[in-house]
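Engineer: have a look; sequence and predicted model below, questions after that.
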Amino acid sequence: MLVQRIWAANDLRNFQYLIACSQSGEALAVDPLDARQVLAAAREHGLTITQILNTHEHRDHTAGNEQVVQATGAKVLAHAGAARRIGAVD
């Protein structure tokens, strides 16, 4: 299993994560704020992002969802209480 923490390099000091299976190469992106950073990290490790997990609905945790979904077709996962505010949750 690979767990990579990716600093978003913003004033809020956000981190986003990739959690991946080393055998299948499938990855879960957690709170993708900066889609470019997350997608680049996945490419660097030869990973395919298949799911996105948002820990909550704040924009600094969900801003990259749309771009990651467009690039990968990943499904978006979130708590039912936040799903309505996040949008496009599968």
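Structural biologist: Right, received. Where do you want to start? Numbers count the residues shown, from 1 in each chain.

Engineer: could you count how many residues lie near Ala41?
Structural biologist: Taking other C-beta atoms under 10 Å as the criterion, the count of residues near Ala41 is 20. For glycine as for every other residue, the C-beta is placed from the backbone atoms N, C-alpha and C.

Engineer: using the three-state scheme, assign it.
Structural biologist: When states are read from DSSP: H, G, I helix; E, B strand; the rest coil, the local structure at Ala41 comes out as helix.

Engineer: would you mind measuring from it to Gly81?
Structural biologist: Distance, Ala41 to Gly81, using C-beta to C-beta, to the nearest Å: 29 Å.

Engineer: got a list of what the residue sitting nearest the centre point of the chain touches?
Structural biologist: The structure's the chain has its C-alpha centroid closest to Ala29; by C-alpha atoms, centre = their mean the separation is 2.8 Å. Applying C-beta atoms under 8 Å, 6 or more residues apart in numbering, we find Ala29 in contact with Gln16, Tyr17, Leu18, Val38, Ala42, Ile49, Gln51, Ile52, Leu53, Gly64, Val68, Ala74.

Engineer: any chance of those residues in TSV, with neighbour count and distance to Trp7 too?
Structural biologist: What follows is the contacts of Ala29, written out as TSV (neighbours: other C-beta atoms under 10 Å; distance: C-beta to C-beta, whole Å):
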residue	neighbour count	distance to Trp7
Gln16	24	8
Tyr17	19	11
Leu18	22	13
Val38	28	12
Ala42	22	16
Ile49	25	18
Gln51	17	21
Ile52	28	18
Leu53	18	18
Gly64	22	14
Val68	23	17
Ala74	22	21
